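[1] Sequence and predicted structure, then a few things I'm wondering about:
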Amino acid sequence: MSALEVFRFDEVPVRVVDNSGEPWFIAADVCAALGLANVAQALAGLDEDEKGSISIADGTPGNPTRATVNEPGLYSLVIRSRRPEARAFKRWVTHEVLPSIRRTGTYAVAETPEQLVARALIQAQDIVARRDQQIAVLTPRAEAWDELASAEGDYSVADAAKILARSGIETGPQRLFEQLAALAWTFRASDGKWRAYAQHVSAGYLAERPQSHHHPRTGELIIDPPQVRITLRGVERLRVRLGVLRAVEAS
């Protein structure tokens, strides 16, 4: 096992050790970066092959043993984080830290954008090939993630269901309506039409688009119930929430 390398994510130190050619992260550092206050509780939700421990002499008094997580374990912890920085942390690890470690053994100067894209695609293909079904659910395929990350605006429930399905979430238009209701994001009004709860509109997860039509005989303008739309932020939040729910149901 090689010496620790210390990287920094938004001033939070993240220690990584090379164990037989594979990077293992100090669990407490990862949890600190992701806002997971209870390290033991976070690690309890991981599979046994996703966590371990090492003994390090870092000058800290007390027990030198430190809990660690490997790459799949780190992704599982990312999914559990509620902090908006979790997505940036995952991108920092996969696009900067891991490529640099595997190339030079240290965290060096960042590669060019073209090199990062090429290396990220190779790593994504390798991850999809090697990780078990649970990790495949928790970590979306690179192409679906990139499509989601670069999109703008909001989506109909049907279009949002397609994006979520491509990122590994089992859903469809009708099922997504039911999942939104189960999460208390939407409800059926007295007219039987779906409406968005105000707090989730205020949070930026949902939107309502006004709708209307003209009466075919009189030409009178008729105001229809608004269409529930899911924002980009809402799609990302659903990807995390529904992915965690599926993992819990499967365990």
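    Cool, got the structure.
[2] Which residues in the top strand by length along the chain does the neighbour count mark as buried?
    Using DSSP state E to define each element, the chain has its longest strand at strand 221-231. For strand 221-231, burial by neighbour count (16 or more other CB atoms under 10 Å) applies to P226, V228, R229, I230, T231. In this view, the C-beta of every residue, glycine as well, is placed from N, C-alpha and C.
[3] where do the helices sit along this protein?
    For the chain, the helices identified by DSSP state H occupy 27-34, 39-44, 71-80, 85-92, 98-104, 113-130, 133-138, 142-150, 157-166, 173-182, 198-202, 232-250, in order along the chain.
[4] Show the end-to-end separation of stretch 6-13, please.
    Between the opening and closing residues of stretch 6-13 we find a distance of 6 Å, counting by CA to CA, to the nearest Å.
[5] and it, how far from the chain's centre?
    Here stretch 6-13 is found 20 Å from its chain centre; the criterion is CA atoms, centre = their mean, to the nearest Å.
[6] For it, which outside residues touch it?
    Outside stretch 6-13, the residues that touch it by CB atoms under 8 Å, 6 or more residues apart in numbering are V14, R15, V16, D29, A32, A33, E85, F89, W92, V97, Y107.
[7] how far away is the fourth one from V97?
    Taking CB to CB, to the nearest Å as the measure, D29 falls 12 Å from V97.
[8] Overlap in contacts, the two.
    Common neighbours of D29 and V97, using CB under 8 Å, 6+ apart, are V14.
[9] what's across from the residue nearest to S156 when sequence neighbours are not counted in the sheet?
    The shortest distance from S156 to any residue that is not its chain neighbour, by CB to CB, 6 or more residues apart in numbering, is 6.3 Å, and that residue is R229. Taking DSSP bridges as the rule, R229 bridges to S156, A207.
[10] Report the contact partners of R229.
    Taking CB under 8 Å, 6+ apart as the contact definition, R229 lies against D154, Y155, S156, V157, L206, A207, E208, R209.
[11] can we see that at 7 Å?
    Going by CB atoms under 7 Å, 6 or more residues apart in numbering, R229 touches D154, Y155, S156, L206, A207, E208, R209.
[12] Same check on P84?
    Contact partners of P84, counting by CB under 7 Å, 6+ apart, are absent.
[13] tell me the phi and psi of it?
    Summarising the backbone geometry of P84 under the convention degrees, to the nearest 10, its torsions are phi -60, psi -20.
[14] Next one: it from T68, what distance?
    For P84, the distance to T68 (CB to CB) stands at 26 Å.
[15] same deal with A203?
    With the distance defined as CB to CB, A203 ends up 35 Å from T68.
[16] now A37
    Note on A37: its distance to T68, by CB to CB, is 19 Å.
[17] Tell me where the model's unsure across the protein.
    Using pLDDT under 70 as the threshold, the predicted model of the chain has low-confidence ranges 1-3, 57-61, 103-153, 244-251.
[18] Where do the domain boundaries of it fall?
    Each structural domain of the chain that the record assigns through automatic domain parsing is listed here as a residue range: 5-139, 153-250.
[19] what's the neighbour count on the residue nearest to L46 when sequence neighbours are not counted?
    Nearest residue to L46 in three dimensions, chain neighbours excluded: G73, at 5.1 Å (CB to CB, 6+ apart). Look at G73: counted by other CB atoms under 10 Å, it has 25 neighbours.
[20] and what of H214?
    Burial of H214 is recorded as 10 neighbouring residues (other CB under 10 Å).
[21] Much appreciated, bye for now.
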